[in-house]
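Visitor: Coordinates for the following, if possible.
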Amino acid sequence: MKHKILAINLGNFGSTGAIMREIRNFATKTGEFQIYNCYPLSKYNLKIESDDIVICGDIYRRISQRLGWLTGFNSCFAFFSTIKLIKKIKKIKPDIIHLHNIHGGYVNIKMLFNFFKKNQTKIVWTLHDCWSFTGGCPSFSMIKCEKWKTQCNNCPQLNIYPASLIDNTRYMYSLKKKLFNSISNSNIVYIAPSVWLSKLFKRSFLKKNTIQIINNGINLNIFRPKESSFRKMYNLENKFIILGIAFDWGSRKGFDVFIELRKQLEFDNFAIVLVGTNDDLDKNLPKGIISIHRTKNQNELVDVYSACDLFLNPTREDNFPTVNIEALACGAPVITFRTGGSPEIVDEKTGVVVDCDDIETLRKEIIYIYNNRPYSKKACVDRAKKFDMNDKMQEYIDLYKKICLQK
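Guide: Numbers count the residues shown, from 1 in each chain. Modelled structure (predicted):
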């Protein structure tokens, strides 16, 4: 008889959606698991599979999110979608509930966790951000806030997702602390994709719980060096290409850093390529920066990675960015800011870690790499093998099996 796993996330898109989908694909191939992925409708969602469970429509989610914004009680509405989800759980009777991102206004956390507590539900919770132990925000590195260690209040990020008109972060902090710690330690395992996040977890109100590190991984059959026509297509044959990729460009991802570097680097020698941009961002781009709004598929993305000489990730807030791994897997060294779990991906043979916003050191490192080419393609590819998606998925399967054996 197959073990049943029911996963919950805010969608099947983006990096968290990809992880949820890949776990299902890998687990299903073992023949030992039946996986149900649950999420709300969204314009960003990919194809809905036959076994997927749609928790609520996009309009309903937006209404619940709006109520959270008006009151400051984010994730405390969505009554009907949570009732629907609980009914599905009762019907399916999963062996494990695997939580991903449960913020976004599509579930009522009080109803959901009271149900988990009452039914002694076995839970795996992958933390893709810090939302689980703050009064609201999913990240706080940029503003260097440390209120999450003791008691959130007077939040300096009310206008940041999940935004609030009224500051009820003190209440939400206390509510999360009570709800999440109401689950017996023997019934929940937290997963951190990075050492950095696991250390924060151990300083939060969740510290009595078990946490395990499972890094994010990538598909090495897709992301690998290949012959690329990208340089010829954009007339960059004699340029040193610095590549940046982000799903949501802005100050958090260091968009301004690339603009500043363009001013400081010699135009004749260097070219900057940004992927994931849009028309609005294009208005702020100086000459010498190539803007690519999106690639058609992963193979086209690999073409871009394979053509670049250096991947730059000046992220100011991140957990464990897979773009670093993808670049390494395609043979490109990486420079990243000392932010979150991003530095954990590179080593001394494959890249450089620079203090956040130290533009002068960043410029010097880029010029040094340009002049000396100290990082080999082989070393980068070998480093990426440490984050093989198959190995990471197997770690989840092993955890599932361990929990199921304990039931």
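Visitor: Domains in the chain, by residue range?
Guide: 3-217+389-406, 230-386 (automatic domain parsing).
Visitor: measure the shortest one end to end?
Guide: Distance across domain 230-386, first residue to last, is 27 Å (C-alpha to C-alpha, to the nearest Å).
Visitor: ranges for the strands of the stretch 251-400 of the chain?
Guide: Using DSSP state E, counting those that start in this stretch, the strands assigned to the stretch 251-400 of the chain run over residues 270-275, 289-292, 310-313, 334-337, 351-354.
Visitor: Let's have those strands in a markdown table, adding mean pLDDT.
Guide: Below are those laid out as a markdown table (pLDDT from 0 to 100):
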| stretch | mean pLDDT |
| --- | --- |
| strand 270-275 | 97 |
| strand 289-292 | 97 |
| strand 310-313 | 99 |
| strand 334-337 | 99 |
| strand 351-354 | 98 |
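Visitor: Need those in TSV (columns: distance to Tyr173).
Guide: (C-beta placed from N, C-alpha, C; glycine too.) Below are those laid out as TSV (distance: least, C-beta to C-beta, whole Å):
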stretch	distance to Tyr173
strand 270-275	37
strand 289-292	40
strand 310-313	31
strand 334-337	28
strand 351-354	32
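Visitor: re earlier: how about the domains of the chain, which one is nearest Phe223?
Guide: Phe223 lies closest, by C-beta to C-beta, to one member of these: domain 230-386, at 3.9 Å.
Visitor: circling back: got CSV for the domains of the chain, with distance to Phe223 and mean neighbour count too?
Guide: Putting those into CSV (distance: least, C-beta to C-beta, whole Å; neighbours: other C-beta atoms under 10 Å) gives the following:
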stretch, distance to Phe223, mean neighbour count
domain 3-217+389-406, 9, 18
domain 230-386, 4, 18
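Visitor: which residues does the residue nearest to Leu310 when sequence neighbours are not counted contact?
Guide: Leaving aside its sequence neighbours, Leu310 sits nearest to Ile242 (C-beta to C-beta, 6 or more residues apart in numbering; 5.1 Å). The contact partners of Ile242, by C-beta atoms under 8 Å, 6 or more residues apart in numbering, come to 258, 261, 270-273, 308-312, 366.
Visitor: Wait, a strand at Leu175?
Guide: No - applying DSSP: H, G, I helix; E, B strand; the rest coil, one finds Leu175 to be helix, outside a strand.
Visitor: Could you tell me the per-residue confidence at the closest residue to it other than its chain neighbours?
Guide: Excluding the flanking residues, the one nearest Leu175 by C-beta to C-beta, 6+ apart is Lys110, at 7.0 Å. Looking at Lys110, its pLDDT stands at 99.
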